[in-house]
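Novice: Next comes the sequence, and after it the predicted model I'd like to discuss.
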Amino acid sequence: MKHDCRPDHYAEHAGRAAGAVAVALLLAAGCSNAETRSAADAGATNGAQKPEGSARRILYESVIDDQSEVMLINEDGTGLTRLTDDPGYDGMPSWTPGGDVLFVSDRGAGPGQRGDVYLIRADGSDLRRITTDGAGYGFPKLSPDSQWIGFDAARGGDVAQVWVMRADGTGVRQIAPSEVNEGYVSWAADSRALVYDSFRDGPPEIYRGSIENGEVVRLTSLEAHIGDPRLSPDGSLLTFESGRDGNSEIYVTNADGSDPQRLTDNPGDDRASAISPDNLRIVFSSDRGGEREAFELWVMDRDGSNLSKLTESGTSNLYATFEPRGRDSRIVFTSERDGNSEIYRMNADGSGLTRLTNNPAEESLPYCSPDGSRIVFSSDRDNTRQLYLMDIDGGNEVRLTNNDYDNNSPAWSPDGSEIAFSSGGNATPSNLFTIRPDGSNERQVTNRDGYNFLSPTWSPDGRRLGAEGGRLGETLQTEWGEAGRTQIWTFNADGSDAVQLTQLDAYNGYPAWSPTGSHIIFDSTLEGWADILSVSVADQSVANLTNDPRANEFAAWSPDGSEIAFVADRDGNNEIYVMDANGDNQIRLTNHHAGDSGPTWCTR
């Protein structure tokens, strides 16, 4: 049987509640004494690919045959998978932004050593050890920007404290030292602060501590047993357990601790909750209806309704967390949040925001290379709009085009050998061109007399191009003013075999070909406002995906075709949203008073 790695820490939390809760928590924790790879690599790689249309997965710790192991289960209760199988303690798992798994294990611990931090892929392969000092790490979590691991540990002291280290296990430093137990860390979406529970003001409460300057802000004032805080991936909500009403129940508040709402009401003990990436569901552990030492996993809607039980193991199942949204990709977009249009990168759940460009010119319409290593974009930094390339981290900028026209809407071919773009202006119609990433072999693709063609998109096999196109001088009034009466077209990659896919009396533009090749999504003013529509390449049937009387535009497919990123002004200004491929589950990712636009997906 495993023994406890931090009994005093758990006992102090649990001791504020009923004595039976203390026993249950200690038994359920199952912690003990607790191959080198940087966890930052986990932000840039992913494990087993999630099958399209499969259920969302949940990661957790479970006691199996008197030993704690790391497990996966689908949100609908199917697909139970054991990731670890070792006589030592394996537990306290957490997802990385890239879809790998961090956990604590005492496997291979030497005399006097306790748990270390390990990394494993979500298919159970490629086990790597991050730390080797056996310092008794607790609840390690990789920051949204994949640069830091937050954790709690005593590290030679008498009480657990909050620490951070680099993703490779180096550079360990303490955050806001105190003389009381603190722990169960959760990252803020901007990777600049940790949320955790602490006894620093007497009864346990939840605090936010800056990893930059150590400033600590108290978030709750419930004056009762409280613990296991977890921020939602987008940083807007906070969930935790509290015994303020006599036993441990699940609560949710705003990220600043305001507006607390009790979600569960049961004589059993509910604990260790986590919010799904879309903020709609919560998973937690509970001993309701069973032995007090047996905690099963349950899921419910964010308001506490639609409760269902996931596990029936009769043992302890704890520290569950939902699989990150878009774990194999990131989103690159433009924003005016720093005064002018610059290019930014974020995780597909809205966390880990990073600015990539810094130029007084206007940057626009970025597009990632198929391998996710480079970005092509348009900029007016040299009077006319030219195309530029840079690395995914914003380095090594080079100019790609050099002409007297405006060059826009670049799109990388699926094999990475060419970049398509539109070019025109100065009384010259806009047409489609292609160019190699080294600037060579520029060639014109379209040349249809009396027509403009813009915004190219490649078919997934690279044989055809899609674009918006319309007759010169044909315009109509839209909600944002006069626009061209354009349609969606496809061509062979050399410009031959032109096919007009749509026949809609509207502006139809910014097409994006689906990864399956079956559909093209695009902006359209067909309903009198801008919506995201989808047209079948086979039969030209059209469906409205957003159907919302506000501007919805700049749609882009995720690499696996399961999601679509787009821009909408539903909250007073343009923000980045994502939705399922059929238009369901529309979720806002960004929240800033400045405009965000032009999203594109990047594989990690």
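Specialist: Looks like it arrived, so ask away.
Novice: what about the nearest residue to Q503 once chain neighbours are set aside, neighbour count?
Specialist: Beyond its immediate neighbours in the sequence, the residue positioned closest to Q503 (Cβ to Cβ, 6 or more residues apart in numbering) is Q487, lying 6.9 Å away. All C-beta spots, glycine's among them, are computed from the backbone N, C-alpha and C. Using other Cβ atoms under 10 Å, the number of residues around Q487 comes to 23.
Novice: Report the contact partners of Q487.
Specialist: Neighbouring residues of Q487 by Cβ atoms under 8 Å, 6 or more residues apart in numbering: E468, G469, G470, Q500, L501, T502, Q503, L504, N508.
Novice: How is the first one assigned, secondary-structure-wise?
Specialist: When states are read from DSSP: H, G, I helix; E, B strand; the rest coil, the local structure at E468 comes out as strand.
Novice: The closest residue to it other than its chain neighbours: which element?
Specialist: When the adjacent residues along the chain are set aside, E468 lies closest to G509, with 4.0 Å between them (Cβ to Cβ, 6+ apart). Element membership for G509, per DSSP states H and E: strand 508-513.
Novice: Now do that strand: which elements does it pack against?
Specialist: Counting contacts by 3 or more Cβ pairs under 8 Å, 6 or more residues apart in numbering; DSSP states H and E, the secondary-structure elements packed against strand 508-513 are strand 451-458, strand 464-471, strand 487-492, strand 519-524, strand 552-557.
Novice: Paired strands for the next helix or strand after the fourth one, with orientation please.
Specialist: Okay, so that is strand 519-524. Proceeding N to C from strand 519-524, the next assigned helix or strand is strand 531-536, under DSSP H and E. Strand 531-536 pairs in its sheet with strand 519-524 (antiparallel), strand 542-544 (antiparallel), by DSSP bridges.
Novice: And the average pLDDT for the last one is what?
Specialist: Along strand 542-544, the predicted confidence averages to a pLDDT of 96.
Novice: what residue lies at the spatial centre of this protein?
Specialist: The central residue of the chain, meaning the one whose C-alpha is nearest the mean C-alpha position (Cα atoms, centre = their mean), is D349 at 2.6 Å.
Novice: And the closest residue to N402 other than its chain neighbours, how far from E362?
Specialist: If the residues on either side of it in the chain are set aside, N402 comes closest to Q386, at 6.8 Å by Cβ to Cβ, 6+ apart. The spacing between Q386 and E362, counted by Cβ to Cβ, to the nearest Å, is 12 Å.
Novice: Please, which helix or strand holds the closest residue to W148 other than its chain neighbours?
Specialist: Distances taken as Cβ to Cβ, 6+ apart place V164 nearest to W148, at 4.9 Å, with adjacent residues excluded. When elements are assigned from DSSP H and E, V164 belongs to strand 161-166.
Novice: Which other helices and strands does that strand contact?
Specialist: Under the contact criterion of 3+ Cβ pairs under 8 Å, 6+ apart, the helices and strands touching strand 161-166 comprise strand 148-153, strand 173-174, strand 182-187, strand 193-198.
Novice: In stretch 440-459, which of the residues would be classed as buried?
Specialist: Of the residues in stretch 440-459, those buried by neighbour count under the rule 16 or more other Cβ atoms under 10 Å are E442, V445, T446, Y451, N452, F453, L454, S455, P456, T457, W458, S459.
Novice: I meant to write stretch 258-274 there.
Specialist: Within stretch 258-274, the residues that count as buried by 16+ other Cβ under 10 Å are P260, L263, T264, N266, G268, D269, D270, R271, A272, S273, A274.
Novice: same deal with stretch 59-74?
Specialist: For stretch 59-74, by 16+ other Cβ under 10 Å, it's 59-63, 67-74.
Novice: how about it as PDB, C-alpha atoms only?
Specialist: What follows is stretch 59-74 as a C-alpha-only set of coordinates in PDB (Å, rounded to 0.1, in the frame of the first residue of the first chain):
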ATOM      1  CA  LEU A  59      -7.300  12.400 -17.000                       C
ATOM      2  CA  TYR A  60      -7.200  11.300 -13.400                       C
ATOM      3  CA  GLU A  61      -5.500   9.300 -10.600                       C
ATOM      4  CA  SER A  62      -6.900   6.000  -9.500                       C
ATOM      5  CA  VAL A  63      -6.000   3.300  -6.900                       C
ATOM      6  CA  ILE A  64      -5.800  -0.100  -8.700                       C
ATOM      7  CA  ASP A  65      -4.700  -3.200  -6.800                       C
ATOM      8  CA  ASP A  66      -3.500  -1.000  -3.900                       C
ATOM      9  CA  GLN A  67      -1.400   1.200  -6.000                       C
ATOM     10  CA  SER A  68      -2.000   4.600  -7.600                       C
ATOM     11  CA  GLU A  69      -1.900   4.900 -11.300                       C
ATOM     12  CA  VAL A  70      -2.600   7.500 -14.000                       C
ATOM     13  CA  MET A  71      -5.800   6.800 -16.000                       C
ATOM     14  CA  LEU A  72      -7.900   8.200 -18.900                       C
ATOM     15  CA  ILE A  73     -11.600   7.900 -19.400                       C
ATOM     16  CA  ASN A  74     -13.900   9.500 -22.000                       C
END
